[in-house]
Structures are given as C-alpha cells and as structure tokens.
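Q: Have a look at this fold, sequence not included:
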C-alpha cells in the first residue's frame with residue numbers, strides 16, 4: 001500500500017521560500033507520477049505541479065510558474081516542491097499525491113490521483 005507523508009510547511013514572510021518534501025513508502029515510486037496540490041479555506045483543491053514517473057516531464061499551474069520547482073529522487077522515494085517568491089495567496093494546505101499513468105505528460109487534475117498524503121500547512125504572512 002502506497003503511503004505518502006508531506007513535511008516542510010510553515011510560516012514564511014511574503015517573498016520568502018519553503019521546500020516541501022513528500023516521502024513515499026510501500027511501493028517503488030519509479031512507476032508513479034507525482035502531483036502537488038493545495039487547498040485554501042473555502043476553495044476547491046487545485047493542482048500546483050506534477051512530474052512524470054521518469055522525471056522527464058513537469059507541469060505547473062500558471063499561478064506558480066517561474067516561482068515553484070518540482071523534483072523527485074526515485075532512489076530515495078522522495079519528491080520535492082521548492083517554493084520561491086511566496087505570496088499571501090499561496091497560503092493553503094499542500095498535499096502530494098501519486099498515480100500510475102501511462103499516457104504522455106502528467107496531470108494536474110486532483111480527481112485522477114488515488115493516493116494522497118495528509119497535507120502540510122503553508123502560511124505566507126507578514
């Protein structure tokens with residue numbers, strides 16, 4: 001059974017940076033696409049970024065392009081989301097999720113991911 005655990009959230013000032021980590025256990029992560037999602041109070045969960053199982057393809061929501069970078073280390077069964085130039089509107093609970101997808105690219109729709117972590121809170125405030 002695939003299990004995901006996020007870490008690295010916290011309180012940061014606008015313009016600051018955070019690095020989220022997602023540790024996977026129970027399976028070999030090499031075969032899974034990974035996505036990062038977030039959900040702010042009163043809003044729907046939205047896709048932030050995703051990365052193909054091989055690491056060859058990434059995708060980002062327009063709102064985070066140029067500021068966030070997704071990466072993975074399959075040898076360590078870990079995934080990362082480097083977040084720079086953070087804004088108050090980035091405040092949310094951030095989740096990592098996994099899916100097996102044999103098509104091209106990776107997907108940002110949360111409804112297609114069956115495996116989820118418990119989330120980590122990111123608060124951007126002065």
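A: Structure's in. What do you need? It should be emphasised that the depicted structure is a prediction, and the values quoted were computed from it without experimental measurement.
Q: Please list all residues in contact with the residue at minimal distance from the centre of the chain.
A: Among the residues of the chain, the one closest to the centroid is residue 36, at 2.0 Å (Cα atoms, centre = their mean). By Cβ atoms under 8 Å, 6 or more residues apart in numbering, the contact list for residue 36 reads 20, 22, 47-50, 70, 79, 81, 94-97. (Glycine included, C-beta is placed from N, CA and C.)
Q: let's go with 7 Å and repeat that
A: Contact partners of residue 36, counting by Cβ atoms under 7 Å, 6 or more residues apart in numbering, are 48, 49, 70, 81, 94, 96.
Q: Next: residue 3.
A: Counting by Cβ under 7 Å, 6+ apart, residue 3 has contacts 25, 26.
Q: same question, residue 30
A: Applying Cβ under 7 Å, 6+ apart to residue 30 gives the contacts 53, 74.
Q: For residue 100, see how far away it is.
A: In this view, residue 30 and residue 100 are 11 Å apart by Cβ to Cβ, to the nearest Å.
Q: And residue 115, by the same measure?
A: Counting by Cβ to Cβ - residue 115 and residue 100 are separated by 9 Å.
Q: Which of those two has more residues huddled nearby?
A: Neighbours per residue (other Cβ atoms under 10 Å) separate residue 115 from residue 100, with residue 115 holding more: 18 against 12.
Q: so who does that one touch?
A: 2, 4, 97, 98, 99.
Q: Burial check on the residue lying closest to residue 81 once chain neighbours are set aside, number of neighbours?
A: Among residues not flanking residue 81 along the chain, residue 20 sits closest, at 4.3 Å (Cβ to Cβ, 6 or more residues apart in numbering). If you count neighbours by other Cβ under 10 Å, residue 20 ends up with 23.
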